[in-house]
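> Predicted structure and sequence below. I'll ask about it afterward.
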2 protein chains.
Amino acid sequence: MRKGEATRSTILDEASRLASQVGLGGLTIGSLATQTELSKSGLFAHFGSKESLQLEVIEHTSERFTAAVIRPALKEPRGEPRMRKLFELWLEWGSVEFGCPFISAAFELDDQPGPLRDRMVRNQRDWVDTISMIFSGGVTEGHFRADADPIQFAFDIEGVMLAFTIASRLLGDPAAAARATGSFERLLAAAAA
Amino acid sequence: MRKGEATRSTILDEASRLASQVGLGGLTIGSLATQTELSKSGLFAHFGSKESLQLEVIEHTSERFTAAVIRPALKEPRGEPRMRKLFELWLEWGSVEFGCPFISAAFELDDQPGPLRDRMVRNQRDWVDTISMIFSGGVTEGHFRADADPIQFAFDIEGVMLAFTIASRLLGDPAAAARATGSFERLLAAAAA
DNA sequence: TCCGTTTTAGCACGACCGTTCGTTACGGCG
DNA sequence: CGCCGTAACGAACGGTCGTGCTAAAACGGA
């Protein structure tokens, strides 16, 4: 029982890493089994189907994201400091070895109906909510203009992160992080009260 | 000879459409053959390998993009009008039935070395160049501030387009285009001389 | 109309896909 | 010690993948 949970988690970690490279659809039970040094059938038994494996990968990664980005940011004082921390951690999250698994998944699934897409939509909605609520907190604190649109702000910094990913991962631009931070600062300044 | 070129083009059109949905890696010769009403081997004979098929899909789509977005924009007067037109056409290009095949490909390939990735990098570099050169034209015309960074501008509107894609295709936000246009206008205003 | 050159189909291949099944090794509890 | 549920394995399944090979069909210029 305990043992099972552990291997399961190992599998999902590896799967998340693999999915960042080849996409959720590119995930293969065979290759995943090889990488985790399990037999195909042994690994398969943990999930019952490929789709639930993929679903659990999303779930698992989502929890890691919450733990690495959202939760620590919420420990910062409300308003601008919290928003800054959120962006900083997000940038770090997107800078690790294989990048953010959600980004590729989002673009991969946006035209493929099904439970996977549904889950990603929910994820993305939650994420936009998180950003805009943190922004609203900043309005309450008097850091940001009351007439600013929190959802538009979320839209804009989402764009910055996506552009960062392209610049950094595809183009290999060493200035990518600096560009992203610059854009973020300009957005903050434009929203400042 | 004539006939071959025609079917080839038909195949590539369909492949481009398919790749927008399932990604370049999700492309399958079998399904592509079914959709184009050709035999697997008949279709295969046109390309010789899956990888060159994928490469030609990128090439083909790139030409369509140039014809639909870049070339018409270049007919506008230099500077701000040209930049506006570029963004407007880009937004249209990304709004068609199955979205921009490049965006999913960019995120799909960013961690998979090989000729496909190389081709996408070149594409992306060219695109950033195009945007920043049009921006520079605007500086020359006196529309944009001389101290503005054209590459940073390209970075920013790239981000806007990517955020638009997520909002529109994944979240189904009907306000996505309006948000994108708003962000673009703000970027223009910030760069205005 | 005929001939040479594309262009397409048919068939087969080995590899790998996701999945199922029966069986074996392991670990905690009586 | 033996028991039993969990965990992992190996072999095999039907199916599809990308890719060759060969022959038929369709085309286009003479």
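Received it, and whenever you're ready, just let me know what you need. These figures come from a predicted structure and were not determined experimentally. Numbers count the residues shown, from 1 in each chain, chains lettered A, B, ... in the order given.
> what secondary structure does A:Arg78 sit in?
Following DSSP: H, G, I helix; E, B strand; the rest coil, A:Arg78 is assigned to coil.
> err, A:Gly26, not the other one
coil.
> how close does the closest residue to it other than its chain neighbours get to A:Leu171?
Distance criterion CB to CB, 6 or more residues apart in numbering or on different chains; nearest residue to A:Gly26, sequence neighbours excluded, is B:Gly25 at 5.5 Å. All C-beta atoms are positioned from the backbone trio N, CA, C, and that covers glycine. Distance of B:Gly25 to A:Leu171, given as CB to CB, to the nearest Å: 20 Å.
> Contacts for stretch A:150-160 next, please.
Residues outside stretch A:150-160 that contact it (CB atoms under 8 Å, 6 or more residues apart in numbering or on different chains): A:87, A:128, A:131-133, A:135-136, A:139, A:180, A:183-184, A:187, A:191, B:156, B:159-164, B:166-167, B:179, B:182-183.
> can you point me to the longest helix in chain A?
helix A:115-140 (DSSP state H).
> Which positions in that one come out as buried?
Neighbour-count burial for helix A:115-140, counted by 16 or more other CB atoms under 10 Å in any protein chain shown, picks out A:116-117, A:119-121, A:123-124, A:127-128, A:130-132, A:134-139.
> Kindly export the next helix or strand after it (C-alpha atoms) in CSV.
Counting by DSSP states H and E, the element after helix A:115-140 in chain order, helix or strand, is helix A:150-165. What follows is helix A:150-165, C-alpha atoms only, in CSV (Å, rounded to 0.1, in the frame of the first residue of the first chain):
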residue,chain,number,x,y,z
PRO,A,150,-7.8,42.3,-12.9
ILE,A,151,-8.6,39.8,-15.6
GLN,A,152,-7.0,41.9,-18.2
PHE,A,153,-3.9,42.1,-16.0
ALA,A,154,-3.9,38.3,-15.8
PHE,A,155,-4.3,38.1,-19.5
ASP,A,156,-1.3,40.4,-20.0
ILE,A,157,1.1,38.6,-17.6
GLU,A,158,0.1,35.3,-19.0
GLY,A,159,1.2,36.6,-22.3
VAL,A,160,4.5,37.7,-20.9
MET,A,161,5.2,34.2,-19.5
LEU,A,162,4.3,32.6,-22.8
ALA,A,163,6.5,35.0,-24.7
PHE,A,164,9.2,34.2,-22.2
THR,A,165,8.9,30.5,-22.8
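> what's the angle between helix A:150-165 and helix A:115-140?
Helix A:150-165 runs at 120 degrees relative to helix A:115-140, counting by axes from the mean of the first three to the mean of the last three CA atoms, to 10 degrees.
> Now do helix A:150-165, average pLDDT.
Averaging pLDDT along helix A:150-165 yields 98.
> likewise stretch A:64-79?
97.
> Can it be said to contact chain B?
No: applying CB under 8 Å from any CB of the partner chain, one finds stretch A:64-79 separated from chain B by no less than 15.8 Å.
> Contact partners for A:Val121?
If you count contacts by CB under 8 Å, 6+ apart, then A:Val121 has B:Leu170, B:Leu171 around it.
> where does chain A dip in pLDDT?
Within chain A, the stretches with pLDDT under 70 are A:1-4.
> Can you tell me which residue sits nearest the middle of it?
A:Phe102 (4.8 Å; CA atoms, centre = their mean).
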